[in-house]
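Engineer: Here's my sequence, what's the structure:
(one chain, ligands or ions: 1)
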Amino acid sequence: MARQKLLEVKNLKQYFPAGRGQVVKAVDGVTFDIYKGETFGLVGESGCGKSTTGRTIIRLYEATEGEVLFNGVNVHGKKSKKELKELNRKMQMIFQDPYASLNPRMTVADIIAEGIDIHGLAKTKEERMQRVYELLETVGLNREHASRYPHEFSGGQRQRIGIARALAVEPEFIIADEPISALDVSIQAQVVNLIEAPAA
Ligand SMILES: Nc1ncnc2c1ncn2[C@@H]1O[C@H](COP(=O)(O)OP(=O)(O)OP(=O)(O)O)[C@@H](O)[C@H]1O
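Structural biologist: This next block holds a predicted model:
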């Protein structure tokens, strides 16, 4: 069977203003394709633009120039609210910094279930909590953690919460910005296996 392209990044540029008319060319003409089922690694020295590439792909930043096609659809083109919402579900990002990426005022259950609620993925409160418990177990935490707040966890545990949050909406594509570097080896393997498992 022919391999199907999931993501096409074409001549992507992301420039940031740096004062006095200067710009930082964080990403400057990057082109690559990612196929369905493929794990794609983006490697480069610190500050070369890897995180910015990821953030621009999922439209956290508007691209300065270039195109991002997801399943053939231009991510940066004009979109209806419904299309944007669906793209936001299908493309998830797990962030590098486990201290900055979780809302400190929300319980772990609410952090993980936020996407489930937004996208209507659970029919009842019981189903919602069941899903939260399953996701916590999947990432090596347990159901007692659901009612706690992010500051009660270690960096590695917070990263697992971020991963559970990304997985909660059953995405087709996950950008992982060095997400497992804070986890111990047995959990790393568990999480990688989980991410690699084909969708049911
Ligand atoms: N929001 C921003 N505004 C201005 N400059 C930025 C912004 N985000 C990133 N940069 C700059 O863009 C360049 C690329 O940063 P980026 O975080 O994408 O690199 P990276 O390859 O992910 O680095 P690391 O491996 O250290 O995380 C850096 O010079 C950084 O200072």
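Engineer: which residues in the chain form strands?
Structural biologist: Remark: strands assigned in the chain by DSSP state E are 5-17, 23-35, 65-70, 73-74, 91-94, 173-176.
Engineer: Pull up the pairing partners for the fifth one, direction included.
Structural biologist: Pairing partners of strand 91-94, with direction, according to DSSP bridges: strand 173-176 (parallel).
Engineer: Give me the buried positions along the partner strand.
Structural biologist: 173-176 (16 or more other CB atoms under 10 Å). For every residue, glycine as well, the C-beta is placed using N, CA and C.
Engineer: what does stretch 162-180 give?
Structural biologist: Under 16+ other CB under 10 Å, the buried positions of stretch 162-180 are 162-169, 171, 173-177, 179-180.
Engineer: is that stretch anywhere near the ligand?
Structural biologist: No - for stretch 162-180 and the ligand, the contact criterion (CB under 6 Å from any ligand atom) is not met; the two come no nearer than 7.1 Å.
Engineer: hang on, the earlier thing: min pLDDT across the buried residues of strand 173-176, which one?
Structural biologist: Across the buried residues of strand 173-176, the smallest pLDDT goes to residue 176, namely 89.
Engineer: what about the residue lying closest to it once chain neighbours are set aside, neighbour count?
Structural biologist: Among residues not flanking residue 176 along the chain, residue 94 sits closest, at 4.8 Å (CB to CB, 6 or more residues apart in numbering). Residues lying near residue 94 (other CB atoms under 10 Å) number 24.
Engineer: surely residue 94 meets residue 174?
Structural biologist: Yes - the criterion here is CB atoms under 8 Å, and residue 94 meets it with residue 174 at 6.4 Å.
Engineer: what touches both of these two?
Structural biologist: Common contacts of residue 94 and residue 174 (CB atoms under 8 Å, 6 or more residues apart in numbering): residue 166.
Engineer: Return the mean pLDDT over stretch 150-158, rounded to an integer.
Structural biologist: 87.
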